[in-house]
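coordinates for the following, if possible.
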Amino acid sequence: MVRNVKVFVIDDDEAVLRSLCWLIESVDHPAKGFASADAFLAELPETPGVGCVVTDVRMPGMSGIELLEELAVRGSNLPVVIVTAHGDVQMAVEAMRLGALDFVEKPFEEKALLEVIERALAESEQRLQTLSVDAEVRMRFERLSRRECEVLKMLLLGRPNRRVAKDLGIAEKTVEAHRAHVMEKIGASSFAELVTLAVQSGFHLK
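Okay, here's the model as predicted:
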């Protein structure tokens, strides 16, 4: 398994692959080269950490476009930079539509490619931070008691405290207490923020 590797490079041209890895490592970013998209996917860990993919768009077997589709299916958060030959504008546009962060044309300037890679790594770090925050918020909702979940679900449907109390057979003050406890547990400073966090965590769909 490939671990702690920041930049995954995919190109079926051995000379180009070696050159790209050398260039990336020259700016102190560990790189790992693969001769095909299939070889890359076979070694890709479930949680690769901060990193990005730099891949040629035209390769024997799985193309760069097909790789983007497969990464989307796997739910990968690795930003992808597509390398295209001059004139492959249509493929570059398709790659961007499928979620590629950016593309560079061959022959490319080393500085320009490195700038795109730096941006991809920064984007990867941001995505991981967002995932970490989302996971923490989901965990907070999962810690709510059964009654707190019942109250919150009704409140999210727009029902007033009095209606919630009647439907659950409890006092209105008890509903207010549950609402306050939920906001405290979730870390929401207002009901509007609580609603936003509930939507972001997927709680409202349960």
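
ranges for the helices of this protein?
14-25, 37-43, 64-73, 89-97, 110-142, 146-156, 161-168, 172-186, 191-201 (DSSP state H).

excluding chain neighbours, what is closest to the most centrally placed residue in the chain?
Computing the C-alpha centroid of the chain and ranking residues by C-alpha atoms, centre = their mean puts N77 first, at 3.6 Å. Nearest non-adjacent residue to N77, counting by C-beta to C-beta, 6 or more residues apart in numbering: R127, 4.6 Å away. To be clear about C-beta, it is placed using only N, CA and C from the backbone, and glycine gets the same treatment.

what about that neighbour, how many residues close to it?
14 (other C-beta atoms under 10 Å).

report the contact partners of the residue sitting furthest away from the middle of the chain.
In the chain, A171 marks the outermost C-alpha relative to the chain mean, sitting 42.9 Å out by C-alpha atoms, centre = their mean. Taking C-beta atoms under 8 Å, 6 or more residues apart in numbering, we find A171 in contact with A165.

and with 10 Å instead?
By C-beta atoms under 10 Å, 6 or more residues apart in numbering, the residues touching A171 are 161, 165, 177.

isn't the last one up against V151?
Yes - counting by C-beta atoms under 10 Å, A177 touches V151, with 9.4 Å between them.

give the residues shared as contacts by these two.
Common contacts of A177 and V151 (C-beta under 10 Å, 6+ apart): I170.

how about low-confidence regions in this protein?
By pLDDT under 70, the low-scoring segments of the chain are 1-5, 47, 86-87, 204-206.

how is it carved up into domains?
Domain assignment of the chain by automatic domain parsing yields the ranges 7-136, 143-205.

deepest in the core, which of those domains is it.
By mean neighbour count, with neighbours taken as mean count of other C-beta atoms under 10 Å, domain 7-136 ranks first of those at a mean of 17.

okay, now that one: how far is its last residue from its first?
Taking C-alpha to C-alpha, to the nearest Å, the first and last residues of domain 7-136 lie 27 Å apart.

still on that earlier bit, A31: which of the helices of the chain is closest?
helix 14-25 (4.2 Å; C-beta to C-beta).

distance between that closest one and the chain's centre?
Relative to its chain's centre, helix 14-25 lies at 27 Å (C-alpha atoms, centre = their mean, to the nearest Å).

same for it, what does it pack against?
Under the contact criterion of 3 or more C-beta pairs under 10 Å, 6 or more residues apart in numbering; DSSP states H and E, helix 14-25 touches strand 7-10, strand 31-34, strand 52-56, helix 110-142.
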